[in-house]
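Novice: Mind folding the following:
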Amino acid sequence: MPAKPILLTLSIALGSALQGCGETTGEQALYGAGAGALGSALLDGNLLTGAAVGVAANVIYCKENPGKC
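Specialist: Okay, here's the model as predicted:
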């Protein structure tokens, strides 16, 4: 498996975790999208895909770990 997709996934997950959860689902989605798009831009990936993965990662993380936000 090429390293680029793995690095992209890790950077998006890390960016979402560092970005913070947000208080509402909308904020969580917005923060995740920003972090995912940024990670994709840094790795020359698809910005829309990165944003979508960032949204999913951040919303799921926040719902699963509400005390860590």
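Novice: quick one, phi/psi of residue 23?
Specialist: phi -90, psi -30 (degrees, to the nearest 10).
Novice: What is the burial count for it?
Specialist: Using other Cβ atoms under 10 Å, residue 23 has 10 other residues around it. In this view, the C-beta of every residue, glycine as well, is placed from N, C-alpha and C.
Novice: Where do the helices of this structure begin and end?
Specialist: 3-19, 25-42, 47-64 (DSSP state H).
Novice: what helices or strands is the second one leaning on?
Specialist: I take that to be helix 25-42. Here helix 25-42 touches helix 3-19, helix 47-64, going by 3 or more Cβ pairs under 8 Å, 6 or more residues apart in numbering; DSSP states H and E.
Novice: Any idea which helix or strand in this protein has the lowest mean pLDDT?
Specialist: Among the helices and strands of the chain, helix 3-19 carries the lowest confidence by mean pLDDT, DSSP states H and E, at a mean of 63.
Novice: what residue ranges in this protein score low on pLDDT?
Specialist: 1-20, 69 (pLDDT under 70).
Novice: Let's see that with 80 instead.
Specialist: Along the chain, segments meeting pLDDT under 80 span 1-22, 68-69.
Novice: Many thanks, I have nothing further to ask.
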